[in-house]
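Asks: Got a sequence here, can you build the structure:
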Amino acid sequence: MPPLTTEQQVSHKLARAILAGFESMFAEFLNITLGAQSRFERAAWQEVQDAMRQRLQVYENKVELVCEAVKVIAYRELDHSDVWHRAKNDYAKRVADHENALIAQTFFNSIYGSLLGQQKIRDVHRFILQETYRPEPRSTDSILYQFTETEGIIDSLRRVLNVFPLRIPFENLERDLKAAHRVLEKINPELLTRQNDTVEFGRSLFFRNKAAYIIGRLIDPVSGEHLPFAITLLNRKNRDGDTCLYLDAFIIGEEQLSKLFGFARSYFMVDTDQPVRYVDYLCRLLPNKERFELFNAIGFIKHAKTEFYRFKVDYTKRMPATTKYVSAPGVKGMVMLVFTTPDSDYVYKVIRDRFRPPKTSNRQEVMAKYDFVKQADRVGRLVDTHEFNYLAFDRQRFSCELFEEMTSEVADSITLSGNALILRHVYVERKVTPLNLYIKDASEQALEQVIDDYGTTIKQLAAANIFPGDMLIKNFGVTRWGRVVFYDYDEICPLTDCHFRAIPKPDNEIDALSEQPWFDIGEDDVFPEQFPVFFAGHHEAKKYFDRLHHDLYGVDFWKITQKVIKSGTLVDVYPYKKEWRLKHFND
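Replies: Coordinates of the predicted model:
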């Protein structure tokens with residue numbers, strides 16, 4: 001066998017170094033995740049928040065370290081295309097039988113892209129579009145438990161709950177099971193008639209914020225039809241001061257489970273070294289969720305971007321020739337140019353080259369705001385974003401009006417290469433209906449409900465130490481489930497950074513009639529009395545808001561919330577409807 005050339009040796013070393021970096025990254029990610037159960041059992045809620053933020057940094061930190069190592073290894077051959085081509089082929093062989101080959105491929109992409117910048121759009125060096133590297137579902141038997149011949153749904157619930165070895169006991173499991181029976185009697189009594197179902201569920205608990213979840217499904221042994229479920233466990237002190245487990249909810253059905261995995265929620269921590277198999281399983285439970293959404297939900301946000309890119313390419317291939325990218329519906333933003341296609345569930349947001357008055361921030365500040373949101377506890381009210389560099393589109397797919405606007409407003413973010421339009425930086429978000437458009441056609445009942453939820457959104461964000469900043473109705477949206485979320489982040493900030501003030505009384509009539517403030521205003525000053533201006537032109541909406549959430553117009557609500565946050569208390573926000581909770585029967 002002839003000796004290897006220098007370039008061949010470098011290629012092999014690159015493949016080994018990147019794979020070693022991936023294994024190190026995955027181990028660090030998993031080590032943080034493995035502590036989730038202990039944090040839950042100890043009710044160490046601040047540690048939960050810290051661990052979530054720490055885990056989000058693991059991938060980027062490891063990419064940076066591996067890139068430095070690769071620079072040393074490659075030296076003069078760093079930008080040689082054939083070296084990277086060989087390295088990719090070598091790497092592909094090394095991870096072919098790897099349990100987490102898909103995520104390992106994404107790690108290779110990240111290293112290549114970080115080092116070679118704009119050249120990363122060349123798919124020859126990436127594990128994205130080739131059919132060879134497309135994911136294929138594998139057996140999920142290794143991550144699942146199954147029970148057969150169960151005696152009804154409550155018996156199934158009891159058997160499932162007895163599987164998991166938590167260090168703290170239930171205060172009164174039989175009481176909770178009776179409460180679950182009463183809740184199901186009210187919500188879906190037919191479920192109580194089911195017999196002999198096969199009960200299938202994941203071996204790993206899903207931890208998020210203050211809760212632990214068991215995820216699975218009921219399978220009819222005759223028809224094969226399945227019904228997804230989630231069981232919610234909470235940890236709190238009983239009347240004697242002892243820490244105990246409580247069954248808080250037994251959530252049944254795809255719609256309810258979909259909300260639990262919603263795009264405005266924080267990421268789960270799942271104790272598993274087989275995340276790809278878990279996503280394969282979740283795809284069966286939630287067939288209307290895309291794979292990238294489910295990878296995102298369990299914290300693999302970088303690989304979610306790879307899955308999204310595949311989704312985007314496939315979607316583009318299916319698009320009719322007449323379908324074009326157009327400006328997204330709603331009021332045009334002063335900071336972001338937003339576009340979509342009429343039938344897409346996603347929007348693309350590009351930072352404008354110049355911001356329209358009165359906006360005074362810059363690109364770096366806006367990007368910092370989006371990073372703040374990524375690491376925040378979004379309490380189901382902040383739309384998650386996927387941040388891309390060098391995302392390529394077919395130039396011919398853009399409407400003439402949008403293309404003209406983009407070349408005028410976001411030219412600094414665009415590269416044109418042949419028939420490709422490449423966005424050097426873009427955010428992708430789930431599409432929602434802007435609240436200002438939603439209320440135009442809403443019935444009286446729907447208007448009252450959505451305005452009530454709008455106020456609740458502001459309060460829940462405040463309790464999570466988040467102040468939206470610009471609370472105009474146009475900056476909020478309504479999901480397909482009718483839930484209000486916030487998506488305009490250029491003025492968002494921690495609530496504790498704000499100085500809430502009452503407007504000083506004028507000293508004289510001249511001050512009172514002045515259009516300009518007669519008092520000094522600090523950079524962080526906020527005047528809740530001015531919030532009614534957010535309803536300009538929406539008198540009916542304001543009427544409901546005044547009745548349901550008038551406390552937001554006063555400084556007391558905001559100062560009390562700040563005090564609670566500074567005390568270290570974390571708010572309880574439940575990702576399911578209150579009627580599913582057993583709390584009404586336990587307390």
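
Asks: Only C-alpha atoms from now on, for both contacts and neighbour counts.
Replies: Will do.

Asks: For residue 356, give its distance to residue 475.
Replies: 16 Å (Cα to Cα, to the nearest Å).

Asks: cool, and residue 351?
Replies: Distance, residue 351 to residue 475, by Cα to Cα: 16 Å.

Asks: Those two - which one has more neighbours?
Replies: residue 351 (23 against 19; other Cα atoms under 10 Å).

Asks: confidence score at that one?
Replies: Residue 351 carries a pLDDT value of 96.

Asks: Then residue 16 would be within a helix, right?
Replies: Yes - the assignment for residue 16 is a helix, going by DSSP: H, G, I helix; E, B strand; the rest coil.

Asks: so it makes contact with residue 92?
Replies: No - counting by Cα atoms under 8 Å, residue 16 does not reach residue 92; the two are 11.0 Å apart.

Asks: So which of these two has more stuff around it?
Replies: Per other Cα under 10 Å, whichever of residue 16 and residue 92 has more neighbours is residue 92, with 19 against 16.

Asks: Please name the nearest non-neighbouring residue to that one.
Replies: residue 105 (7.7 Å; Cα to Cα, 6 or more residues apart in numbering).

Asks: Return the distance of the one helix or strand that neighbour maps to from the chain's centre.
Replies: Residue 105 is part of helix 101-116 when elements are defined by DSSP states H and E. In terms of Cα atoms, centre = their mean, to the nearest Å, the centre of helix 101-116 is set 22 Å apart from its chain centre.

Asks: Who are the packing partners of the helix or strand following that helix?
Replies: For helix 101-116, the succeeding helix or strand toward the C-terminus, using DSSP H and E, is strand 144-147. In terms of contacts (3 or more Cα pairs under 8 Å, 6 or more residues apart in numbering; DSSP states H and E), strand 144-147 is packed against strand 198-202.

Asks: State the mean pLDDT of the strand it packs on.
Replies: 94.

Asks: Parallel or antiparallel, which strands does that strand pair with?
Replies: Counting by DSSP bridges, the strands paired with strand 198-202 are strand 144-147 (antiparallel), strand 211-219 (antiparallel).

Asks: Check the burial of the residue nearest to residue 92 by counting its neighbours.
Replies: 24.

Asks: And the pLDDT at it?
Replies: 93.

Asks: got it, and the one 3 residues further on?
Replies: What the model reports as pLDDT for residue 108 is 94.

Asks: what do you get for the one 3 residues further on?
Replies: At residue 111, the predicted lDDT confidence score is 93.

Asks: residue contacts, it?
Replies: Residues in contact with residue 111 (Cα atoms under 8 Å, 6 or more residues apart in numbering) are 18, 63, 66, 67.

Asks: In strands only, show me the residues you listed.
Replies: Using DSSP state E, no member of these sits in strands.

Asks: from those residues, which single one is nearest residue 331?
Replies: Proximity of the contacts of residue 111 to residue 331 was ranked by Cα to Cα; the top entry is residue 63 with 38.4 Å.

Asks: now the contacts of residue 111 as TSV including neighbour count and pLDDT?
Replies: Below are the contacts of residue 111 laid out as TSV (neighbours: other Cα atoms under 10 Å; pLDDT from 0 to 100):
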residue	neighbour count	pLDDT
18	25	97
63	22	97
66	21	97
67	20	97
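
Asks: Make CSV from those residues and add distance to residue 8 to it.
Replies: Output for the contacts of residue 111, formatted as CSV (distance: Cα to Cα, whole Å):
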residue, distance to residue 8
18, 16
63, 23
66, 20
67, 19
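
Asks: Sort out for me which of those are in helices.
Replies: 18, 63, 66, 67 (DSSP state H).

Asks: Give the full set of residues in contact with the third one.
Replies: Spelled out, it's residue 66. 17, 18, 21, 111.

Asks: Just the closest of the residues you listed to residue 362, please.
Replies: Distances from residue 362 to those, taken by Cα to Cα, are shortest for residue 111, at 28.4 Å.

Asks: quick one: that closest one and residue 66, what's the gap?
Replies: Going from residue 111 to residue 66 by Cα to Cα gives 7 Å.

Asks: again with residue 383
Replies: Distance of residue 383 to residue 66, computed by Cα to Cα: 31 Å.

Asks: got the contact list for stretch 259-266?
Replies: 208, 293-294, 297, 376-384, 430, 485, 575-576.

Asks: now the nearest residue to residue 269 once chain neighbours are set aside: how far from residue 180?
Replies: Once flanking residues are discounted, residue 269 sits nearest to residue 207: 5.0 Å by Cα to Cα, 6+ apart. Residue 207 is 21 Å from residue 180, where distance means Cα to Cα.

Asks: Give the full set of residues in contact with the closest residue to residue 500 other than its chain neighbours.
Replies: Nearest residue to residue 500, sequence neighbours excluded (Cα to Cα, 6+ apart): residue 526, at 4.8 Å. Going by Cα under 8 Å, 6+ apart, residue 526 touches 498, 499, 500, 501.

Asks: cool, and residue 301?
Replies: So residue 301 contacts 295, 386 (Cα under 8 Å, 6+ apart).

Asks: Residue 335 versus that one, what's the distance?
Replies: 25 Å.

Asks: What of residue 293?
Replies: Taken as Cα to Cα, the span from residue 293 to residue 335 is 26 Å.

Asks: ok, these two, which is more surrounded?
Replies: residue 335 (24 against 21).

Asks: tell me the pLDDT at the more buried one?
Replies: 93.

Asks: Check the gap between it and residue 488 for me.
Replies: Following Cα to Cα, the distance that separates residue 335 from residue 488 is 9 Å.

Asks: same deal with residue 203?
Replies: To residue 488, residue 203 is 38 Å away according to Cα to Cα.

Asks: any low-confidence regions in the stretch 151-300 of the chain?
Replies: Along the stretch 151-300 of the chain, no part satisfies pLDDT under 70.

Asks: Same question for the stretch 451-587 of the chain.
Replies: Looking at the stretch 451-587 of the chain by pLDDT under 70, you get 506-519, 584-587.

Asks: report the longest strand in the chain, please.
Replies: strand 226-237.

Asks: What lies in contact with whichever helix or strand comes after that strand?
Replies: Under the assignment DSSP H and E, the closest C-terminal helix or strand after strand 226-237 is strand 243-252. Strand 243-252 is contacted from outside by 168-173, 176-177, 180, 227-238, 257, 576, 580-583, using Cα under 8 Å, 6+ apart.

Asks: got the angle between strand 243-252 and strand 211-219?
Replies: Counting by axes from the mean of the first three to the mean of the last three Cα atoms, to 10 degrees, strand 243-252 lies at 40 degrees to strand 211-219.

Asks: Please save the CA atoms from strand 243-252 in CSV.
Replies: Taking Å, rounded to 0.1, in the frame of the first residue of the first chain, the C-alpha atoms of strand 243-252 are listed here in CSV:
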residue,chain,number,x,y,z
THR,A,243,-40.9,17.6,49.7
CYS,A,244,-43.3,15.4,47.8
LEU,A,245,-44.3,14.5,44.2
TYR,A,246,-47.7,15.5,42.9
LEU,A,247,-49.4,14.4,39.7
ASP,A,248,-50.4,17.8,38.3
ALA,A,249,-52.0,16.8,34.9
PHE,A,250,-52.7,13.9,32.7
ILE,A,251,-52.7,15.4,29.2
ILE,A,252,-54.4,13.4,26.4
